[in-house]
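Undergrad: turn this into a model:
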Amino acid sequence: MLLDQLKEAVINGDQDEIKVLCNRVLEEKFNPVEAVQNGLIKGIEELGRLWTEGEMFLPDVMMGADALKLALDILGPELAKAEAAGIKRDVKGKIVIGTVKGDIHDIGKNIVSAMMTAAGYEVYDLGINQEVAAFTEKAEEVGADIIALSALLTTTMPEQKKLVDYLREKGLRDKYKVIIGGGPTTQDWADEIGADGWSETAGGAIALCDQLTA
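TA: Got it, this is the predicted structure:
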């Protein structure tokens, strides 16, 4: 069954298979929302469970996250059409996530992004080395609830503060919840810069988002 194949392709991190299957979704006019919710997302959920239980390793999660991202890129236009037609997947909230300017690390961010998607959020991943304005512009464009900032270098941590300050300057601070993460970051740093939360793990980030959007 197509849904099971999509799930397995994500678990296996098989991008070639993902391309084939997503093209089948398009060719057969299969409901793209169902393909995402009951195929792709089930795969990343299972992968997350296996990782938590120690049965899968970080490279496996990364491959699965990349496969999921590729699938969402392919199916994106059809998902937009479905939403326009009133067929929506269950979404807890919208999150804009990215690694701040000057920082090109993305492993942790990619895992968090994939897990956020699996947890029911609509995630817009800007990638690495992003200016503070890029986060705000995307948040405004998509009507985000949360902006998530990753910094893996002590030298790029100030960019997280810059984003909070930028939102204040633009009169947008109350419009978005801002969460931060990354190796050198701490709860004390989050408190110091005025962020709404911090997490050390992907699971913690999901719990934090659930709390902030409740």
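
Undergrad: how far does the longest helix seen in the chain sit from its chain's centre?
TA: Longest helix in the chain, counting residues (DSSP state H): helix 58-84. Relative to the centre of its chain, helix 58-84 is centred 10 Å away, using Cα atoms, centre = their mean, to the nearest Å.

Undergrad: now for it, which elements pack on it?
TA: helix 2-12, helix 15-27, helix 32-35, helix 41-52, helix 107-118 (3 or more Cβ pairs under 8 Å, 6 or more residues apart in numbering; DSSP states H and E). The way it works is simple: take the backbone N, C-alpha and C, and place the C-beta from them, glycine included.

Undergrad: just say which of those helices is most tucked in.
TA: Most buried of these, by mean neighbour count (mean count of other Cβ atoms under 10 Å): helix 107-118, with a mean of 23.

Undergrad: which residues touch that one?
TA: For helix 107-118, contacts defined as Cβ atoms under 8 Å, 6 or more residues apart in numbering pick out 41, 44-45, 48, 58, 61-62, 64-66, 68-69, 72, 95, 97-99, 123, 125, 128, 148, 150, 152, 181-183, 202-203, 205-206, 209.

Undergrad: likewise for stretch 45-61?
TA: With Cβ under 8 Å, 6+ apart, stretch 45-61 has contacts from 7, 10-11, 13, 64, 107, 111, 114-115, 118, 202-203.
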